[in-house]
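K.L.:
My questions are about this predicted structure, shown below with the sequence.
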Protein chains: 2
Amino acid sequence: MRPSRKSSNGTTKGLQAEREPLAAVIGGTELQIAYRMGYVLNFYREPSFRRIEMELGLTRPEIVTLIFLNFREGVTASEICEFSGHLKANISRGIIALEKKKLIRRAADKTDSRRQQLFMTAAGRALYARYIPALRERERAMLACLTRAERNEFERLLDKLAAHVPQWAALDEL
Amino acid sequence: MRPSRKSSNGTTKGLQAEREPLAAVIGGTELQIAYRMGYVLNFYREPSFRRIEMELGLTRPEIVTLIFLNFREGVTASEICEFSGHLKANISRGIIALEKKKLIRRAADKTDSRRQQLFMTAAGRALYARYIPALRERERAMLACLTRAERNEFERLLDKLAAHVPQWAALDEL
DNA sequence: ACCAGAAAGTCTCATATGAGACCATCTCGA
DNA sequence: TCGAGATGGTCTCATATGAGACTTTCTGGT
């Protein structure tokens, strides 16, 4: 499932109500919780990411790579894959592109010459600084309807869910 | 951000621990809550969807369209866009493909000849029945680590977030 | 010390997707 | 009643993506 549009023309009117209360539609599918997570997340993430893609000429793997590098320099491509969920082919392409644009640089890992550690350049840091505020602000807006206590609880539950991902993510039968 | 791989070879070992506790990485980016939502959701959604894509030869818009139709017949393309987050061009293509495969049928809306209402065929229902159990089961697995009370609370918070989406989703400045 | 298999990263190919133009129909105000 | 603009849906084009083959390097068991 991919994100959401403003009806593709500029309004979000359709969301407000009209023929059915929103809740009726949202809760309608069988996958209640998963669907809602996707619904909220899509509206948060997609418009911002698309904007970054268009205005700064970055692909998603590139955007995500810079986010990870900002968090910790020296990270490798496969670590980014592991935690971003992008396919390694795409992260690889993104890294090549980022290096070409001088936004990151690579250094062979001394202990394992297959790996290459990644580092931001000043230009990379500058570009990152141009798009991250909007993402932060939009996250804030998304959560604004929750009380502080609710937000804390929501985060706690998400942490718990995230910590348990390894227990079921590998179950391909599902 | 798109989903997650099993390191691309078949194991999920990298997730378990190794160089850093998972939590350190997960919580590392600035966008704590948004990132975690994406992380969990990706591991839930992507493997299942990819499997459906490959085994049943459906695209994502097609999968989603069948899910919506199962919930309510007679829905139109733009309604599916509105709540699924897919672009209308893609839903349109999906609908055309689904009709070609005889999984749905279309009927012009009498009151507005631009719109066309969509209905599942028996074959569509049968195909839907083939993939939905795995999605349900995987959602169950994802939530299994929560107590019943936590799950209820999580759902309540998601509902609240979803209900407030219209208040900020349109803010393009963000 | 060796070899089978795993892991990191790159590449190719086919395809699904995003952007946006386009057409037809509808709506609403003057 | 007319015309401007909104809306539903389709199409085209360029591009990002998924699948998976491939190379090189590392690892663990014998």
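P.N.:
Yep, that arrived. No experiment lies behind these values; they were computed from the predicted model shown.

K.L.:
Please see if the host helix or strand of residue A:35 touches DNA strand C.
P.N.:
Assessed by DSSP states H and E, residue A:35 sits inside helix A:32-56. Yes: Helix A:32-56 reaches DNA strand C (CB under 7 Å from any atom of the strand) through A:50, A:53-54. All C-beta atoms are positioned from the backbone trio N, CA, C, and that covers glycine.

K.L.:
Closest to residue A:69 out of these?
P.N.:
Relative to residue A:69, the closest of the residues of helix A:32-56 next to DNA strand C is residue A:53; by CB to CB it sits at 18.1 Å.

K.L.:
Any idea how many residues pack against the residue nearest to that closest one when sequence neighbours are not counted?
P.N.:
Leaving aside its chain neighbours, residue A:53 sits nearest to residue A:59 (6.6 Å; criterion: CB to CB, 6 or more residues apart in numbering or on different chains). Around residue A:59 there are 17 other residues, counting by other CB atoms under 10 Å in any protein chain shown.

K.L.:
For residue A:59, list the residues it contacts.
P.N.:
Going by CB atoms under 8 Å, 6 or more residues apart in numbering or on different chains, residue A:59 touches A:53, A:90, A:93-94, A:97.

K.L.:
Dump the residues you listed to TSV, plus secondary structure, neighbour count and pLDDT.
P.N.:
Shown next, in TSV, are those (DSSP: H, G, I helix; E, B strand; the rest coil; neighbours: other CB atoms under 10 Å in any protein chain shown; pLDDT from 0 to 100):
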residue	secondary structure	neighbour count	pLDDT
A:53	helix	15	94
A:90	helix	18	97
A:93	helix	15	97
A:94	helix	24	97
A:97	helix	17	97
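
K.L.:
which of those residues lies closest to residue B:80?
P.N.:
Closest to residue B:80 out of those is residue A:53 (23.8 Å), distances taken as CB to CB.

K.L.:
pretty sure the closest one contacts residue A:60?
P.N.:
Yes: taking CB atoms under 8 Å as the definition, residue A:53 is a contact partner of residue A:60 at 7.1 Å.

K.L.:
on that earlier part again, tell me which of the residues of helix A:32-56 next to DNA strand C is nearest to residue A:66?
P.N.:
Using CB to CB, the residues of helix A:32-56 next to DNA strand C come closest to residue A:66 at residue A:53, 12.8 Å.

K.L.:
show me what contacts the closest one?
P.N.:
Taking CB under 8 Å, 6+ apart as the criterion, residue A:53 is in contact with A:59-60, A:63.

K.L.:
now the helices for chain A?
P.N.:
Secondary structure of chain A, counting by DSSP state H: helices at A:13-16, A:22-26, A:32-56, A:60-71, A:77-84, A:88-100, A:122-143, A:148-169.

K.L.:
Could you export the ones you listed as TSV, including distance to residue B:108?
P.N.:
What follows is the helices of chain A, written out as TSV (distance: least, CB to CB, whole Å):
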stretch	distance to residue B:108
helix A:13-16	20
helix A:22-26	22
helix A:32-56	29
helix A:60-71	38
helix A:77-84	44
helix A:88-100	41
helix A:122-143	38
helix A:148-169	44
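
K.L.:
tell me the angle the helix holding residue A:35 makes with helix B:148-169.
P.N.:
Inter-element angle recorded for helix A:32-56 and helix B:148-169: 30 degrees (by axes from the mean of the first three to the mean of the last three CA atoms, to 10 degrees).

K.L.:
Return the set of buried residues in helix A:32-56.
P.N.:
Using 16 or more other CB atoms under 10 Å in any protein chain shown as the test for burial, helix A:32-56 gives A:33-49, A:51-52.

K.L.:
Report the angle between that helix and helix B:122-143.
P.N.:
Comparing the axes of helix A:32-56 and helix B:122-143 via the same axes, to 10 degrees yields an angle of 90 degrees.

K.L.:
Work out the gap between helix A:32-56 and the centre of the chain.
P.N.:
Mean-position distance between helix A:32-56 and its chain equals 8 Å (CA atoms, centre = their mean, to the nearest Å).

K.L.:
That helix vs helix B:77-84, what angle?
P.N.:
Counting by the same axes, to 10 degrees, helix A:32-56 points 90 degrees away from the direction of helix B:77-84.

K.L.:
hang on, the earlier thing: for the contacts of residue A:59, which one is nearest chain B?
P.N.:
Closest approach to chain B among these (CB to the nearest CB): residue A:90, at 7.8 Å.

K.L.:
Excluding sequence neighbours, find me the nearest residue to that closest one.
P.N.:
residue A:61 (4.6 Å).

K.L.:
Wait, that neighbour touches residue A:88, no?
P.N.:
No: with contact defined as CB under 8 Å, residue A:61 does not reach residue A:88; the gap is 9.7 Å.
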